[in-house]
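Student: attaching a predicted model along with its sequence, questions to come.
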Amino acid sequence: MMRLLPTSTPRPRTRRHRPLTRATAASAIGATIALTGLASAAPAQAAGNECRVTTKSFALPGKPDVTVSASVCMRYVGSWSGYRHYRAWLGRVEWTGDAWFIGGRRFNDFSFDIRAHSGSKSVGTSTVQDLSGAMNAYNDGARAFSSTGYGAVTFATKSKYWYATATANVDITDDGLPGRDWRLNATGTIT
C-alpha cells in the first residue's frame with residue numbers, strides 16, 4: 001500500500017517574543033548609546049595595512065606645472081620570536097604635467113625619505129631612489145614600489161601602535177632656490 005504525502009508545506013514554527021515595554025526599550029537604547037559613545041571615543045587604528053595619499057602641484061619656472069601624488073604605507077607583518085614585525089614604504093608616485101612639455105629638466109632632485117614612528121620613538125630612515133630622471137623624461141608617469149623592495153623600512157619591536165611618514169626632497173630646476181621638503185600625510189596607526 002502506498003502512502004500519499006500532503007502537498008502543502010507545513011507552516012514554520014514562530015517564536016514568541018516578549019512584548020516590548022518602556023523599561024526594556026529604554027535599556028536597549030541606553031546600551032546602544034553607550035556602545036556607540038565608546039566606539040567613537042577610541043582612536044582610529046588599523047590592523048594590517050594602511051596607505052595615505054598626498055597630492056601637490058609644483059609651479060615650475062618657464063615650464064608647465066606638474067601635479068604629483070605620492071602614497072606612504074605601513075604594514076604589520078606578524079609576530080614571531082617575541083617581536084612584532086612592521087614595514088614602512090613609499091607605495092606609489094604619479095605625476096601629471098601639461099601635454100606640450102617635451103624633454104628638458106623639471107627637477108634636479110625628487111627623492112623620498114621614509115620613517116616609522118611610535119610615540120616618541122622613531123626607527124630607520126630609508127631614501128627611495130631619485131625620481132627626477134623619470135619626471136624629466138616623461139610628461140605623465142607613475143612608479144610603484146614594493147613593501148619588500150628597495151627603500152622599505154623593515155623592523156622588529158616589542159611595542160605596538162606604529163605609523164609611517166615620508167618627506168620628499170624636491171629641488172626644482174631654474175627656480176633659484178635650494179631644495180625644499182614636501183611632507184606627505186602620515187599613515188594611520190597600525191596595531
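Tutor: All right, it came through fine.

Student: ok, and the closest non-adjacent residue to the spatially most central residue of the chain?
Tutor: Central residue of the chain (CA atoms, centre = their mean): residue 51, 1.2 Å from the mean position. The shortest distance from residue 51 to any non-neighbouring residue, by CB to CB, 6 or more residues apart in numbering, is to residue 73 (4.1 Å). (Glycine included, C-beta is placed from N, CA and C.)

Student: residue 175 too?
Tutor: Excluding its sequence neighbours, the residue lying closest to residue 175 (CB to CB, 6+ apart) is residue 61, at 5.2 Å.

Student: so how far is residue 172 from the one you found?
Tutor: Applying CB to CB, to the nearest Å, the value for residue 61 to residue 172 is 7 Å.

Student: buried ones in whichever strand or helix holds the residue nearest to residue 51, by neighbour count?
Tutor: Per DSSP states H and E: residue 73 is located in strand 66-80. Buried residues in strand 66-80, counted by 16 or more other CB atoms under 10 Å: 66, 68, 70-77.

Student: quick check, nearest of the residues you listed to residue 92?
Tutor: Nearest to residue 92 among the buried residues of strand 66-80: residue 71, at 5.1 Å, using CB to CB.

Student: residues near residue 114, how many?
Tutor: As a burial measure, residue 114 scores 25 neighbours (other CB atoms under 10 Å).

Student: that one touches residue 168, doesn't it?
Tutor: No. Judged on CB atoms under 8 Å, residue 114 makes no contact with residue 168 at a distance of 10.6 Å.

Student: more crowded one of residue 61 and residue 172?
Tutor: residue 172 (22 against 10).

Student: contacting residues around stretch 50-59?
Tutor: Outside stretch 50-59, the residues that touch it by CB atoms under 8 Å, 6 or more residues apart in numbering are 65-75, 91, 163, 170, 172, 182, 184-190.

Student: surely residue 178 meets residue 170?
Tutor: No. Counting by CB under 8 Å, residue 170 is not a contact partner of residue 178; they are 10.4 Å apart.
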